[in-house]
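> With the input below, show me the fold.
(chains A and B)
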Amino acid sequence: MLRFIVRRLLQLIPTLGGLSILLFVWLQRLPGGPEYALLPDDATSEQRAQLRRSLGLDEPITVQYLAFLRRILQGDLGASLQTGRPVLEEFFTRFPATFELAVTAMLIATAVGIPLGYLAARRRGSVLDFAAVGGSLLGICTPVFFLAFILKVVFAERLGWFPSAFRLSPGISRTDLSGFAVLDGLRTGEFDVVADALAHLVLPGLALASIPLAVIVRMTRASVLEVLEEDYVRTANAKGLHRNTVRTRHVMRNAMLPVVTSIGLLTGSLFAGAVLTESVFAFPGIGSFVYAATQTRDYPVLTGFILLIATMYVFINLLVDISYSLLDPRVRAQ
Amino acid sequence: MPTTPSSQNPSRAEDASDAGGPLLGRKAARVDRLAELMGERDESGHGSGIWRTAFARMRRSPMAITGAVIVVVFVAVALLSPLIAPYSPTSQAWGDEVFPNQNIFVGPRGENWLGLDNLGRDQFSRMVVGARQTLMVGVVATLVGFGAGALLGGAAGAASVLGGRWGRQLDNVVMRVIDMMLALPTLLLAVTVAALVGPSLTTVMIAVGVAQVPVFARLLRGAMISQGNRDYVLAARALGVRKRRIALTHILPNSLGPVIVQSTLTLATAIIDAAALSYLGLGNPDPAFPEWGTMLADAQRFLSSAPQLAVYPALAIIVTALGFTLLGEAMREALDPKLRK
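Reported below is the predicted structural model:
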């Protein structure tokens, strides 16, 4: 088991190394570098050259890459061109907000998506099935930011059920322990903070959940349909097991494996979606920060964000692999 | 990450799980499944059986018909837009009737079927002309993804099938790069490309297209490898046909099916992603060329006072994307014998 984990860890090195090269080369190749974004349009070419020098952009490309790699390995993703503070620090301070949002979205998506997908599969061809499949196709085809705007206008501005922006209402004060508003509130017993923070999570959470929800419904439906055809389900039914036992122990347990995997896979796109959702709701997380970075071509932030997501993705992949090998010894043997 | 075996012809499933464990494998496996399906052929000697039965099946599928109707209408409107649009999309002829600052907007009326936009331009004409731009973004982005992806995937596939040991090494290297690209969310890739290159229509098309490269590459490679085992390839090799000729005139034409299906689905993704890029301010800044994504992004400012300005382009995007998705999914289903019921 340990050998398997070590081997998997070692296999991460070429992947992440390759990714860093890909990212670096790509950044180099793109025209209109930061000296155009940072300086006013009428800056002289000397000013531009000097800025390039001070950013180390005039060195040979290999030297630049090695410097880039060394800095990344030290956790130094550079300083944001917008704020001047280290990118990693900016991400860390904003991470709890985005994490809470992502968890909310995932909870909504799984809590609604799995039962809905299961019911759609059980009643294949019914109105419910039609609605679930149609609704999920619609969800995939709706631009996330448009959905976010509609939710904001209807439920926040027109109906006033939920707040339309930020993480907490302006008047509320909270004891900040870890940056996680909901958790901190629960720990300190400030339940008004918890309620307020949760209310702020509903609309952006719903908007962010739309795509994962659609994917999970379709995945669950397809997976359950496949398992229902299996011989062992027929056997289980034939030997007279209780319907619910067959459903939970045989059908769901096997059908959930690919769904759980795809949930892991969706995490990456969730962060990309957060860029769109958070900016609509002025939610102070990583997403709105990256949104601002796209507007100002803050390339250290953009590079850092991609690296962050790719690393996260690779590690989630690793965790899933390990959990699979615990569940299924055949994976380990490969 | 990968521990790719150098066995002669790894089965698709094995290959997918090797490409990065179950998680990445899953995304890859979906792509590969489609590639594999096209490898399954009618061996009865009647030729293009799979396409004919698939087409017959699609004609009975309401999903396919709905999708096809939407796509045909959209393409027709886009191509004929200069004839359909009653006014110039840029003419601010009614500019003195609209005052966004005072919340005065003009809704649908006899003269302007969908009302006026915030600058007093005819919304209907803009929607119609916008269809053409939107179609162009979708098609060019898909072509970029298709072109680059097919080149990479085709080279890897051909190398793997015909190139011997070195070919499989080359295939291995190319696929590792592709898997890394597959690991990044497509929208994020597009956002970064667009943010770094600067806003323009070309940027959007390239950015959205680049994001699709890994999917196409994997798909074509998978299809080519599965074609590589077939008897006709063996026959061609036995006859001494040159490898390049085998790859280009024998394997490639037979491997394009799944890639074409994917193109339909990609068109939908491209239109949605382009809209997201426009919203991020990375779209086409030129107001002379209305495009649904840009129109939608611009209209967000007036969403509380004039929601119709956002709703028209949004509905157009959703319906069009839905049309391509329905058609693509129906094609995929029709080609998949497992789903035949």
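> Please give the element, helix or strand, for the spatially closest residue to residue B:251 that is not a sequence neighbour.
Of all residues beyond its chain neighbours, the one nearest residue B:251 is residue B:227 (4.9 Å), with distances taken as Cβ to Cβ, 6 or more residues apart in numbering or on different chains. The way it works is simple: take the backbone N, C-alpha and C, and place the C-beta from them, glycine included. Per DSSP states H and E, residue B:227 falls inside helix B:201-228.
> Can you mark which positions in that helix are buried?
B:201, B:203-228 (16 or more other Cβ atoms under 10 Å in any protein chain shown).
> sec struct for residue B:143, please.
helix (DSSP: H, G, I helix; E, B strand; the rest coil).
> separation between it and residue B:104?
43 Å (Cβ to Cβ, to the nearest Å).
> now do residue A:192
For residue A:192 relative to residue B:104 (Cβ to Cβ), the value is 42 Å.
> Residue B:257 too?
For residue B:257, the distance to residue B:104 - Cβ to Cβ - is 54 Å.
> now residue B:181
49 Å.
> ok, back up a step: for the helix holding residue B:227, what is the distance to the chain centroid?
Between the centre of helix B:201-228 and the centre of its chain there are 9 Å (Cα atoms, centre = their mean, to the nearest Å).
> still on that earlier bit, between residue B:181 and residue B:104, which has more neighbouring residues?
Between residue B:181 and residue B:104, counting by other Cβ atoms under 10 Å in any protein chain shown, residue B:181 is the more crowded of the two (21 against 11).
> In terms of helices and strands, where is the more buried one?
helix B:164-182.
> Now that helix - C-alpha only, PDB.
What follows is helix B:164-182 as a C-alpha-only set of coordinates in PDB (Å, rounded to 0.1, in the frame of the first residue of the first chain):
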ATOM      1  CA  GLY B 164       6.700   0.800 -34.000                       C
ATOM      2  CA  ARG B 165       8.500   1.300 -30.800                       C
ATOM      3  CA  TRP B 166       9.500   4.900 -31.400                       C
ATOM      4  CA  GLY B 167       6.100   5.700 -32.600                       C
ATOM      5  CA  ARG B 168       4.600   4.500 -29.300                       C
ATOM      6  CA  GLN B 169       7.100   6.600 -27.400                       C
ATOM      7  CA  LEU B 170       6.100   9.600 -29.400                       C
ATOM      8  CA  ASP B 171       2.400   8.800 -28.800                       C
ATOM      9  CA  ASN B 172       3.200   8.500 -25.100                       C
ATOM     10  CA  VAL B 173       4.800  11.900 -25.000                       C
ATOM     11  CA  VAL B 174       2.100  13.700 -26.900                       C
ATOM     12  CA  MET B 175      -0.700  12.100 -24.800                       C
ATOM     13  CA  ARG B 176       1.000  13.100 -21.600                       C
ATOM     14  CA  VAL B 177       0.900  16.700 -22.800                       C
ATOM     15  CA  ILE B 178      -2.800  16.300 -23.800                       C
ATOM     16  CA  ASP B 179      -3.600  14.800 -20.400                       C
ATOM     17  CA  MET B 180      -2.100  17.800 -18.700                       C
ATOM     18  CA  MET B 181      -4.300  20.100 -20.800                       C
ATOM     19  CA  LEU B 182      -7.300  17.900 -20.100                       C
END
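> What angle do helix B:201-228 and it make with each other?
140 degrees (axes from the mean of the first three to the mean of the last three Cα atoms, to 10 degrees).
> Show me which positions of helix B:164-182 end up buried.
Going by 16+ other Cβ under 10 Å, helix B:164-182 has these buried residues: B:167-168, B:170-171, B:174-182.
> how long is stretch A:226-235 from one end to the other?
End-to-end span of stretch A:226-235 (Cα to Cα, to the nearest Å): 15 Å.
> Show me how far that stretch is from its chain's centre.
Worked out by Cα atoms, centre = their mean, stretch A:226-235 lies 34 Å from the chain centre.
> Could I get the buried residue list for that stretch?
Neighbour-count burial for stretch A:226-235 [16+ other Cβ under 10 Å]: A:227, A:228, A:233.
> Measure how buried the residue lying closest to residue B:171 once chain neighbours are set aside is and give me the count.
Excluding its sequence neighbours, the residue lying closest to residue B:171 (Cβ to Cβ, 6+ apart) is residue B:160, at 3.8 Å. Residues near residue B:160, counting by other Cβ under 10 Å, number 24.
> again, but for residue A:3
Residue A:3: 8 neighbours (other Cβ under 10 Å).
> Whatever helix or strand it lives in close to chain B?
Using DSSP H and E, the element containing residue A:3 is helix A:2-29. Yes - on the criterion Cβ under 8 Å from any Cβ of the partner chain, helix A:2-29 is in touch with chain B at A:8, A:11, A:12, A:14, A:15, A:18, A:19, A:22, A:27.
> pretty sure residue A:219 contacts residue A:117?
Yes - in this structure, residue A:219 is within contact of residue A:117 by Cβ atoms under 8 Å, at 6.8 Å.
> Identify the contacts common to those two.
Common contact partners of residue A:219 and residue A:117 (Cβ atoms under 8 Å, 6 or more residues apart in numbering or on different chains): residue A:259.
> Let me see the contact set for residue 291.
Reading this off chain A. Contacts of residue A:291 (Cβ under 8 Å, 6+ apart): A:275, A:276, A:278, A:279, B:280.
> Chain B was what I was after
Applying Cβ under 8 Å, 6+ apart to residue B:291 gives the contacts B:130, B:133, B:134, B:137, B:201, B:274, B:278, B:283, B:284.
> out of those, who has the most neighbours?
Busiest of those [other Cβ under 10 Å] is residue B:274, holding 31 neighbours.
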